[in-house]
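Colleague: predicted model and sequence below, questions to follow.
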Amino acid sequence: MAGSTHAQGMPLYTPDERRRRDQSPWTLVQGILAPIQFLVFLASLALVLRWLMTGEGLWLATTSVIVKTVTLYAIMITGSIWEKEVFGIWLFARPFFWEDVFSMLVLALHTAYLGAVAFGWLDARGQMLLALAAYATYVINATQFVLKLRAARLSAPVPLSDMEPAR
């Protein structure tokens, strides 16, 4: 089936990994945190763009980027716990290697934003532009994960109860 394997042509999950994934409470945690992070991102993006266009709401924009960064840290920490449970490695597991590599760039830019705010490394405009750079990498990374998880769903074995009997 097209799209059912990752780049190296191997199934995304072995049967044991799929079982561990399905049994892990961290799978649910990731499933809850991902859309929350996306909603926080959308709200923050609007606030950052509003400030850049009007000069209004710097405190709200700054706070929203900090909240977005905290949600990113939460999903990264719980995601690494999930990878450890499913694949036996904290990060850079075979099927998610490149997503994890790019996640490091996302994390670095969000962390640089926190440093810029905390230590005054950039003026407010520079901070908001750094936030937008971090957000651009987040969108790319989120797209990587959505495509990978869609491939996993498409490659999942069909339960016998869902199969239509031959006629």
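Modeller: Great, that's in hand.

Colleague: what is the burial count for the nearest residue to Leu122 once chain neighbours are set aside?
Modeller: If you skip the residues right next to it in sequence, Leu122 has Ala116 as its closest partner in space, 4.5 Å away by C-beta to C-beta, 6 or more residues apart in numbering. Using the backbone N, CA and C atoms, a C-beta is placed for each residue, glycine as well. Close neighbours of Ala116, defined as other C-beta atoms under 10 Å, add up to 18.

Colleague: ok, Ala116 to Leu147 distance?
Modeller: Applying C-beta to C-beta, to the nearest Å, the value for Ala116 to Leu147 is 31 Å.

Colleague: next: Ile81.
Modeller: According to C-beta to C-beta, Ile81 and Leu147 sit 23 Å apart.

Colleague: helix or strand: which one has the spatially closest residue to Leu132 that is not a sequence neighbour?
Modeller: Among residues not flanking Leu132 along the chain, Val48 sits closest, at 6.4 Å (C-beta to C-beta, 6+ apart). In this assignment (DSSP states H and E), Val48 forms part of helix 25-54.

Colleague: center of this protein, which residue is that?
Modeller: Central residue of the chain (C-alpha atoms, centre = their mean): Ala142, 4.7 Å from the mean position.

Colleague: report the inter-axis angle for the lowest-mean-pLDDT helix or strand in the chain versus helix 25-54.
Modeller: Counting by mean pLDDT, DSSP states H and E, the chain has its least confident helix or strand at helix 124-155, which shows a mean of 91. Relative orientation of helix 124-155 versus helix 25-54 (axes from the mean of the first three to the mean of the last three C-alpha atoms, to 10 degrees): 140 degrees.

Colleague: buried ones in helix 124-155, by neighbour count?
Modeller: 127-128, 130-132, 134-135, 137-138, 141-142, 144-145, 148-149, 151-152, 155 (16 or more other C-beta atoms under 10 Å).

Colleague: what do you get for stretch 53-60?
Modeller: Using 16+ other C-beta under 10 Å as the test for burial, stretch 53-60 gives Leu58, Leu60.

Colleague: about what we covered before: residues contacting the residue nearest to Leu122?
Modeller: Residues near Ala116 by C-beta atoms under 8 Å, 6 or more residues apart in numbering: Leu122, Gly126, Gln127, Leu130.
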